[in-house]
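# Here's a sequence, model it:
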Amino acid sequence: MSPFFVMSLLFGLIFGQTASLCAPSEYTIHVEKQECAYCLAINTTICAGFCMTRDSNGKKLLLKSALSQNVCTYKEMLYRTALIPGCPHHTIPYYSYPVAVSCKCGKCNTDYSDCVRERVRTNYCTKPQKLCNL
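Okay, the predicted model is just below:
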């Protein structure tokens, strides 16, 4: 192996995270309950962006810990609660949702993140819409 290749490889392993573009991004969630008269559009922030990953083609040359498939995920988050308008008294009219405070590139945690590449597009309203800016 050439010294240039080895230095490039080491540089990439050490400083790879600095080239990542993972940050809180504005996002609108549409929330509705069957019993309620309105759909609520909530403006929040989610973690989105590009994270450096390492190609597993060189797995024979690298330690297993050096091979990673990182995703843009929450570093810090908080939950807020919104009131869905037009709900009858017997229905709980509240909806809690996450707000990204800061993000990081790391392993995907299925406890609070959608780790699936393809997802069904269901983020829309079927009822009259109300906007919630919290």
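
# Could you list the buried residues of stretch 41-54?
Using 16 or more other C-beta atoms under 10 Å as the test for burial, stretch 41-54 gives 41, 42, 44, 45, 46, 47, 51, 52, 54. For every residue, glycine as well, the C-beta is placed using N, CA and C.

# which ones are touching the third one?
If a contact means C-beta atoms under 8 Å, 6 or more residues apart in numbering, then residue 44 has 26, 27, 28, 29, 80, 97, 98, 99, 100, 134 as its contacts.

# And it, how close does it get to residue 77?
Going from residue 44 to residue 77 by C-beta to C-beta, to the nearest Å gives 10 Å.

# Please enumerate the shared neighbours of the two.
Counting by C-beta under 8 Å, 6+ apart, the shared contacts of residue 44 and residue 77 are 98, 99, 100.

# List the contacts of residue 77.
If you count contacts by C-beta under 8 Å, 6+ apart, then residue 77 has 98, 99, 100, 101, 112 around it.

# are any of those residues buried, and which?
98, 99, 100.

# Of these, which is the nearest to residue 107?
Nearest to residue 107, judged by C-beta to C-beta, of those is residue 100 at 16.8 Å.

# Give me the contact list for the one helix or strand residue 26 maps to.
Taking DSSP states H and E as the definition, one finds residue 26 inside strand 21-32. Strand 21-32 is contacted by residues 38-51, 72-73, 82, 84, 95, 97, 100-105, 123-127, 129 when judged by C-beta under 8 Å, 6+ apart.
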